[in-house]
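1. I would like the atomic coordinates for the input below:
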Amino acid sequence: MNVTIIQNKGQLSAEIRNILHAGKALDKAIHAAACSSLWHCREYGDTGFVSALLSAMPKGSRVKGLIHWIQEHSPVHIKPMSDGTYKVTAKGWDKADKWALQAAIAKPFWDFSAERNPGPLTVEKLVAYLTRLSENDDTAKVDPKARELAAQLVSLAA
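-> Predicted structure coming up:
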């Protein structure tokens with residue numbers, strides 16, 4: 001990537017203001033597209049727009065936060081693939097009680113879940129995570145082999 005260093009304070013301040021305004025506009029556009037994609041999926045069972053939106057997200061955005069928001073407000077399930085795309089399914093899309101579109105509209109994904117502060121991974125945090133993983137029997141979210149390995153590691157740590 002080719003980067004030009006902005007040495008002038010005034011120009012740098014102007015560039016940061018431009019980022020602020022562009023970021024707000026992008027947030028608004030993403031929220032509108034996300035809500036519209038959920039509406040489209042609810043009405044037609046078509047997950048294509050959800051998949052396209054996830055693939056279109058900027059590299060610096062909180063894609064995992066958006067995925068969590070989508071899955072909490074709908075029956076849509078999203079699985080990131082190794083090639084950078086997403087497998088998106090919506091079992092039960094035709095059942096009204098599976099959708100919380102008004103709640104999704106009211107609270108955008110960036111306000112829905114807090115972005116975690118980076119911090120060190122301690123042994124205690126690792127064991128707690130592995131314990132949760134080993135006890136999760138939802139095969140849609142946890143690979144059974146991963147659950148088994150986590151259980152073995154937790155037993156070693158005990």
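2. please enumerate the helices of this protein.
-> 9-44, 48-56, 63-72, 101-106, 109-112, 123-135, 144-157 (DSSP state H).
3. what angle separates the longest one from helix 63-72?
-> The reference is to helix 9-44. 30 degrees (axes from the mean of the first three to the mean of the last three C-alpha atoms, to 10 degrees).
4. show me what helix 9-44 is packed up against.
-> helix 48-56, helix 63-72, helix 101-106, helix 109-112 (3 or more C-beta pairs under 8 Å, 6 or more residues apart in numbering; DSSP states H and E). Yep, even glycine has a C-beta here, placed from its N, CA and C like the rest.
5. between those helices, which one is nearest to Leu12?
-> Leu12 sits nearest to helix 109-112 of all the helices and strands packed on helix 9-44, at 25.3 Å, using C-beta to C-beta.
6. sorry, back to before: got the helices of the chain as a markdown table, with distance to Lys95 and mean pLDDT columns?
-> Below are these laid out as a markdown table (distance: least, C-beta to C-beta, whole Å; pLDDT from 0 to 100):
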| stretch | distance to Lys95 | mean pLDDT |
| --- | --- | --- |
| helix 9-44 | 10 | 96 |
| helix 48-56 | 17 | 96 |
| helix 63-72 | 15 | 94 |
| helix 101-106 | 13 | 96 |
| helix 109-112 | 22 | 90 |
| helix 123-135 | 28 | 79 |
| helix 144-157 | 27 | 79 |
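7. run a quick neighbour tally on Glu15.
-> 12 (other C-beta atoms under 10 Å).
8. would you confirm that it contacts Ile5?
-> No: between Glu15 and Ile5 there is no contact under C-beta atoms under 8 Å: 11.2 Å.
9. about what we covered before: do you know which of the helices of the chain lies nearest Asp83?
-> So among the helices of the chain, helix 48-56 is nearest, using C-beta to C-beta, at 10.5 Å.
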